[in-house]
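> sequence first, predicted model second:
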Amino acid sequence: HQRLREIMTATPLTIVVLGAGKGTRMKSDLPKVMHKIAGRPMLGHVLDVAAATGANQIAVVIGPNMDAVGVGARAFSPQAQIFVQAEQLGTADAVKAALPVLKAFTGDVIVLYADTPLLQPATLERLRKVLAEGAAAAVLGFEAADPTGYGRLLTDANGTLTAIREEKDATTAERQIQICNSGVMAFRVNDMAAVLARISNDNAKGEYYLTDAIEVIATMGGRAAVVTCPESEVLGVNDRGQLAEAEAIFQTRRRGEAMAAGATLIAPETVWFSHDTRLGRDVVIQPNVFFGPGVVVEDGVEILANCHIEGTHIGSGARIGPFARLRPGAQLGTGVHIGNFVEVKNVKMGQGAKANHLAYLGDGSVGDRANIGAGTIFCNYDGFFKHQTSVGKEAFVGSNSALVAPVTIGDGAYVGSGSVITKDVSAGSLALERSSQVERPTWAEKFRLMMSKKKKAEAKT
Ligand code: UD1
Ligand code: MG
């Protein structure tokens with residue numbers, strides 16, 4: 001086992017990701033592989049797996065007019081080299097597009113499909129182990145609940161893989177086989193170009209099938225093996241229904257990880273994570289919470305029901321919601337309280353600061369232990385530019401105040417309820433912006449008397 005490990009770490013690895021397919025069944029203006037699972041394009045998930053497997057080279061094959069996919073690929077993996085497959089002539093032809101990285105390469109080559117986003121790095125390690133044991137090819141197979149449409153894995157009496165038969169080319173007997181090709185294939189051959197060159201397009205689809213590499217390798221004296229995994233890990237996304245299925249599988253996995261790491265999810269099936277959500281220990285999440293990308297939640301935070309949170313850092317012991325909306329750039333310090341119907345965007349809140357009810361805090365900062373009253377609005381936008389609001393530490397902003405940015409409320413200052421604050425307020429003072437209250441003693445009694453007389457007079461006529 002130790003020796004296998006050594007072989008695996010000493011062997012260079014190239015991963016080729018195929019994403020040139022048009023994905024017509026998605027019915028979308030977006031290339032298929034840019035559709036998202038848990039807030040990250042499928043291509044990003046697959047490139048994460050490639051990086052986690054320690055690939056020395058990563059090649060991504062895209063179609064013509066897919067510049068956005070190339071840009072995306074480089075953003076997800078700076079080491080990725082992009083190749084364009086001019087015409088979609090099949091999966092073997094797609095690998096040929098990446099020949100420049102394969103020509104002078106000796107080591108393991110793994111081919112992944114960019115529309116198979118749930119794959120785990122540990123599974124690729126198992127494929128590499130089979131190569132280290134001497135196989136020239138290893139194919140990831142799975143037992144399909146419904147094998148329709150998949151290539152079938154043909155094995156001999158010893159369990160050696162002899163061929164992969166595409167559904168359209170399979171005999172009735174071959175179609176009874178339940179073990180299917182996931183599309184993930186690993187190779188250790190001297191000359192990948194020579195293997196690809198021997199694959200023809202003489203088949204039902206008239207395509208160059210990468211799966212035919214198994215028979216080619218067999219004729220060259222190489223052995224091929226099968227490694228299996230659960231179907232849920234190799235779900236291929238070809239339409240929006242499968243996209244939703246993949247999302248569901250990802251979420252189930254992620255909820256399990258969150259709970260295993262010490263978070264309490266009262267109703268796990270109603271909490272939606274992003275691919276990158278980070279939770280501390282003893283975080284409690286009530287039902288119906290959605291995390292967009294870029295959220296870090298520190299220890300002991302409580303997130304009450306029905307919150308939408310993205311691009312936010314939540315300090316330890318904070319209490320969020322119910323019904324809070326935290327948007328990109330919200331940085332909440334230790335023990336912050338954000339209550340119902342409060343929206344926070346691009347605001348840093350100091351430790352123990354509170355905004356407990358009905359507020360919009362956009363672009364600015366709130367000092368330690370400051371209190372933002374119900375109905376407070378940071379008026380950050382003049383129709384052209386965004387401006388900053390700064391509320392000092394221990395300041396108290398009374399209910400229903402509009403703070404018209406750019407504006408600064410000094411440390412410990414008070415803003416009287418209902419004020420429209422357009423000028424800076426100095427530390428420790430009270431700012432009030434409202435007409436003074438008028439009082440007419442005994443007015444109410446006189447008013448009632450007058451009105452009731454009037455009503456009686458009208459009733460008589
Ligand atoms: C393929 C496999 C099949 C397997 C199934 C698993 C072959 C011949 N068949 O069939 O055995 O059971 O996947 O889902 O490989 N692509 C290109 N260029 C092309 C053609 C495809 O880049 O010219 C890419 C696609 O973007 C996709 C992947 O290769 O990511 C697979 O292509 P697809 O046409 O979906 O193959 P399947 O018919 O599903
Ligand atoms: Mg497919």
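On my side now, so go ahead. Residues are numbered from 1 along each chain as shown. Ligands and ions are numbered 1, 2, ... in the order given.

> please count neighbours and contacts with C-alpha atoms only from this point.
Fine.

> those helices in the stretch 1-150 of the chain, which residues are they?
2-10, 42-52, 67-76, 91-97, 99-102, 121-132 (DSSP state H, counting those that start in this stretch).

> turn these into CSV, including mean neighbour count, mean pLDDT and distance to residue 31.
Output for those, formatted as CSV (neighbours: other Cα atoms under 10 Å; pLDDT from 0 to 100; distance: least, Cα to Cα, whole Å):
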stretch, mean neighbour count, mean pLDDT, distance to residue 31
helix 2-10, 13, 87, 35
helix 42-52, 23, 97, 10
helix 67-76, 17, 94, 7
helix 91-97, 23, 98, 16
helix 99-102, 17, 96, 23
helix 121-132, 20, 96, 25
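
> so which of the ones you listed is nearest ligand 1?
Set against ligand 1 and scored by Cα to the nearest ligand atom, the helices of the stretch 1-150 of the chain come closest in helix 91-97, at 4.4 Å.

> quick one: residues in contact with the closest one.
16, 18, 20, 61, 83-85, 88, 111, 193, 196, 199, 207-211 (Cα atoms under 8 Å, 6 or more residues apart in numbering).

> keep only those of those that are in strands.
Counted as lying in strands by DSSP state E, out of the contacts of helix 91-97, are 16, 18, 61, 83-84, 111.

> scan those residues and report the most crowded one.
residue 16 (30 neighbours; other Cα atoms under 10 Å).

> could you check the pLDDT of it?
pLDDT, residue 16: 98.

> what separation is there between it and residue 401?
Computed as Cα to Cα, to the nearest Å, the residue 16 to residue 401 distance reads 58 Å.

> residue 89 now?
Residue 89 is 64 Å from residue 401, by Cα to Cα.

> of the two, who's got more company?
residue 401 (25 against 16).

> ok, the more buried one touching residue 418?
Yes: counting by Cα atoms under 8 Å, residue 418 is a contact partner of residue 401 at 4.7 Å.

> how about the residues of the stretch 1-150 of the chain near ligand 1?
Applying Cα under 6 Å from any ligand atom, we find that the stretch 1-150 of the chain lies next to ligand 1 at 18-21, 88-91, 94, 113-115, 150.

> which of those has the weakest pLDDT?
Scoring those by pLDDT puts residue 21 last, at 85.

> go ahead and measure how far the helix or strand bottoming out on mean pLDDT in the chain is from the middle of the chain.
Using mean pLDDT, DSSP states H and E, the weakest-scoring helix or strand in the chain turns out to be helix 2-10, at a mean of 87. In terms of Cα atoms, centre = their mean, to the nearest Å, the centre of helix 2-10 is found 33 Å from the chain centre.

> which helices and strands sit right next to that helix?
Under the contact definition 3 or more Cα pairs under 8 Å, 6 or more residues apart in numbering; DSSP states H and E, helix 2-10 sits against helix 121-132.

> and the helix it packs on, what does it pack against?
helix 2-10, helix 42-52, strand 137-143, strand 179-187, strand 224-228.

> any chance of those in CSV, plus distance to residue 359?
As requested, these are exported to CSV (distance: least, Cα to Cα, whole Å):
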stretch, distance to residue 359
helix 2-10, 55
helix 42-52, 36
strand 137-143, 52
strand 179-187, 50
strand 224-228, 53
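
> what's the closest of those to residue 365?
Nearest of the helices and strands packed on helix 121-132 to residue 365, taken as Cα to Cα: helix 42-52 at 33.7 Å.

> contacts for that closest one next, please.
Under Cα under 8 Å, 6+ apart, the answer for helix 42-52 is 15, 17, 19, 33-36, 58, 72-73, 76-77, 112-121.

> show the buried residues in those residues.
15, 17, 19, 33-36, 58, 72-73, 76, 112-121 (16 or more other Cα atoms under 10 Å).

> same question for the top helix by length along the chain, mean pLDDT?
Determined from DSSP state H, the single longest helix within the chain is helix 240-260. Averaging pLDDT along helix 240-260 gives 98.

> go ahead and name everything in contact with the helix or strand just after it.
Later in the chain than helix 240-260, the nearest helix or strand by DSSP states H and E is strand 264-265. Identification of contacts with strand 264-265 by Cα under 8 Å, 6+ apart yields 255, 259, 271, 282-287.

> and if you look at stretch 15-25?
Contacts for stretch 15-25 (Cα under 8 Å, 6+ apart): 31-33, 43, 46-47, 50, 55, 57-64, 84-85, 88, 91, 94-95, 98, 109-115, 238-239.

> where does the stretch 101-250 of the chain dip in pLDDT?
Applying pLDDT under 70 to the stretch 101-250 of the chain flags no residue at all.

> give me the residues contacting stretch 136-154.
Outside stretch 136-154, the residues touching it (Cα under 8 Å, 6+ apart) are 127-128, 130-131, 161-168, 174-175, 177-189, 214, 217, 222-231, 234.

> narrow these to those that are buried.
Applying 16+ other Cα under 10 Å to the contacts of stretch 136-154 flags 127-128, 130-131, 161-167, 174-175, 178-189, 214, 217, 222-229, 234 as buried.

> pretty sure residue 371 contacts residue 349?
No: Residue 371 is beyond contact range of residue 349, at 10.5 Å (criterion: Cα under 8 Å).

> more crowded one of these two?
Under the criterion of other Cα under 10 Å, the comparison of residue 371 against residue 349 puts residue 349 first, with 29 against 24.
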